[in-house]
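> sequence unknown, structure follows:
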């Protein structure tokens, strides 16, 4: 029997903007992410609270009609510190306070609202100045102090709820503006979830944890709960994708964490009260203050997530080249060769090769001139040819290897050498002005040098990265000692390989477009 509690998990990041969010997705707006049967969808961006409320209502109706149970987590407090509800409404009930705020906030379709008027009315219920604070200096609401330190009074309520005192970094509901403020989100969020709860289409199908029924999971099709995405702050930052807005990443990662923990049967524990919470404090949380789902279970939520790694290809690409730039000693290389060396390092993961590369100072320019003029790229094996990025080359450029030519095996026998050397011999008539890339066979490089000694046409450049324990170091040493008047790039020693050879070609050809990395 499945122990999963919900089929769909939604995490919503609310916003207190006083006007519509920009058309282009941005921070400090409304975002949500849906995880359906554990499959995490792309975050959704909403410009106004009215739009968000309408679309969320439609989504919940559709999920309910499909027979799916839904958990919806909102990132704002569902209640105020103990005593506030009774002071403002006469009843120690968070739900009564929702009604009180909703009757006054007047949240318009364009996000215009009366939150500072409501804050003034809250402050008027207490002596002195406060407890709500934080407003622009130009806002005409003098009874809402600009700064926390401006507050005074003898009967102000607690600064934080019981849950806020336990949640690392949680802000007070009394702060309405400035960095990290959540007070305005609460004033504008509570009327929104009240409206959802009272949506005629969902009548009787929504419960609010723990305000409806206490610390237990109600068996309604839809359960609303307060969440605090910063419980997974480290996990979010480790998983934020390239150019992804942090607000979107928070909803995405938290939705995945709840869904995965639920799938493993571990979500039920999050609905239970903390063992060290007294009976009196439990009663306060269930009636007045509410509670944060997942508080105290941060490790379980984080452990439910898959290992953190970068998945976005653009981010992987950008970070890889940034790492090469930071760690490789490229200063010893000519400016024109640095993008080529970067590509070669990226292909093998060894930044130290920048210190040992041997080259002609003009090799990159010589190869680029040849490629721009339509010269072919001659490769010693198919792996090198396959690694060459064709879109970076002129349309007329051929990337050629003769390793699989029908005549290669017989010629190798005739010459008493390897197929790689014989393949290079078959390309003799294409050598003149070509770019030669060798990434596998030392014998191909040795034979190329012998061909040049015998009067074969000179290529425009030789990019030599043969690899292995027999002949690799010796063939490259022979090239560096006497390149036969041909510009060259090589890596001394046994290291090399097809990926490095094709990367060298790519670094040169991409340089034709001005984006060598």
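That came through, no problem. In this text, all values refer to a predicted model and were calculated from it rather than measured experimentally.
> show me what contacts the residue positioned nearest the centre of the chain?
Nearest to the mean C-alpha position of the chain, by C-alpha atoms, centre = their mean, lies residue 241 at 1.2 Å. Taking C-beta atoms under 8 Å, 6 or more residues apart in numbering as the contact definition, residue 241 lies against 249, 310-312, 315. The way it works is simple: take the backbone N, C-alpha and C, and place the C-beta from them, glycine included.
> so what's residue 306 up against?
Counted by C-beta under 8 Å, 6+ apart, residue 306 has contacts residue 260.
> Am I right that it falls within a helix?
No. Secondary structure of residue 306 (DSSP: H, G, I helix; E, B strand; the rest coil): coil, not part of a helix.
> ok, it to residue 94 distance?
Distance, residue 306 to residue 94, by C-beta to C-beta, to the nearest Å: 36 Å.
> which among the contacts of residue 241 end up buried?
Among the contacts of residue 241, the ones that count as buried by 16 or more other C-beta atoms under 10 Å are 249, 310.
> Just give me the closest of the contacts of residue 241 to residue 352.
residue 310 (23.7 Å; C-beta to C-beta).
> where does the closest one fall, phi/psi-wise?
Main-chain torsions, residue 310, degrees, to the nearest 10: phi -80, psi 130.
> repeat for residue 109
phi -60, psi -30.
> Correct me if wrong: it contacts residue 50.
Yes. Using C-beta atoms under 8 Å, residue 109 is in contact with residue 50, at 4.3 Å.
> Tell me which of these two has more neighbours.
residue 50 (17 against 11; other C-beta atoms under 10 Å).
> And the helix or strand of the chain with the lowest mean pLDDT, what's buried?
Ranked by mean pLDDT, DSSP states H and E, the helix or strand of the chain with the weakest confidence is helix 313-327, at a mean of 87. Using 16+ other C-beta under 10 Å as the test for burial, helix 313-327 gives 320-321, 324.
> The residue lying closest to residue 14 once chain neighbours are set aside: neighbouring residues, count only.
Spatial nearest neighbour of residue 14, excluding adjacent residues (C-beta to C-beta, 6 or more residues apart in numbering): residue 189 at 4.7 Å. Using other C-beta under 10 Å, residue 189 has 25 neighbouring residues.
> What helix or strand is residue 189 located in?
helix 183-197 (DSSP states H and E).
> Adding distance to residue 138, write the contacts of residue 241 out as JSON lines.
As requested, the contacts of residue 241 are exported to JSON lines (distance: C-beta to C-beta, whole Å):
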{"residue": "249", "distance to residue 138": "33"}
{"residue": "310", "distance to residue 138": "43"}
{"residue": "311", "distance to residue 138": "44"}
{"residue": "312", "distance to residue 138": "41"}
{"residue": "315", "distance to residue 138": "40"}
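> which one among the contacts of residue 241 gets closest to residue 291?
Nearest member of the contacts of residue 241 to residue 291, counting by C-beta to C-beta, is residue 249, at 24.5 Å.
> The nearest residue to the closest one once chain neighbours are set aside: neighbour count?
Once flanking residues are discounted, residue 249 sits nearest to residue 240: 4.2 Å by C-beta to C-beta, 6+ apart. Residue 240 has 20 neighbours, counted by other C-beta under 10 Å.
> Please report how far residue 240 lies from residue 13.
Taking C-beta to C-beta, one finds residue 240 at 14 Å from residue 13.
> List the buried residues in the helix holding residue 189.
So, applying 16+ other C-beta under 10 Å, buried residues of helix 183-197: 183-193, 195-197.
> Same question for stretch 10-30.
10-17, 20-21, 25, 29-30.
> sec struct for residue 410, please.
helix.
> before we move on, the earlier item: make JSON lines out of the buried residues of stretch 10-30 and add distance to residue 45.
What follows is the buried residues of stretch 10-30, written out as JSON lines (distance: C-beta to C-beta, whole Å):
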{"residue": "10", "distance to residue 45": "14"}
{"residue": "11", "distance to residue 45": "14"}
{"residue": "12", "distance to residue 45": "12"}
{"residue": "13", "distance to residue 45": "10"}
{"residue": "14", "distance to residue 45": "13"}
{"residue": "15", "distance to residue 45": "11"}
{"residue": "16", "distance to residue 45": "16"}
{"residue": "17", "distance to residue 45": "13"}
{"residue": "20", "distance to residue 45": "12"}
{"residue": "21", "distance to residue 45": "8"}
{"residue": "25", "distance to residue 45": "4"}
{"residue": "29", "distance to residue 45": "6"}
{"residue": "30", "distance to residue 45": "7"}
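> so which of the residues you listed comes closest to residue 217?
Looking across the buried residues of stretch 10-30 and measuring by C-beta to C-beta, the closest to residue 217 is residue 10, at 16.0 Å.
> confidence score at the closest residue to that closest one other than its chain neighbours?
For residue 10, ignoring the flanking residues on the chain, the nearest one in space by C-beta to C-beta, 6+ apart is residue 72 at 4.6 Å. Residue 72 carries a pLDDT score of 98 in this model.
> Next up, the contacts around residue 72.
10-12, 56, 60, 222-225.
> from those residues, which is closest to residue 257?
residue 11 (8.9 Å).
> So that closest one, which state does it fall into?
Residue 11 is classified as strand under three-state DSSP.
> related to what we said a few turns ago, as a whole number, average confidence for the helix holding residue 189?
Here the average pLDDT along helix 183-197 is 97.
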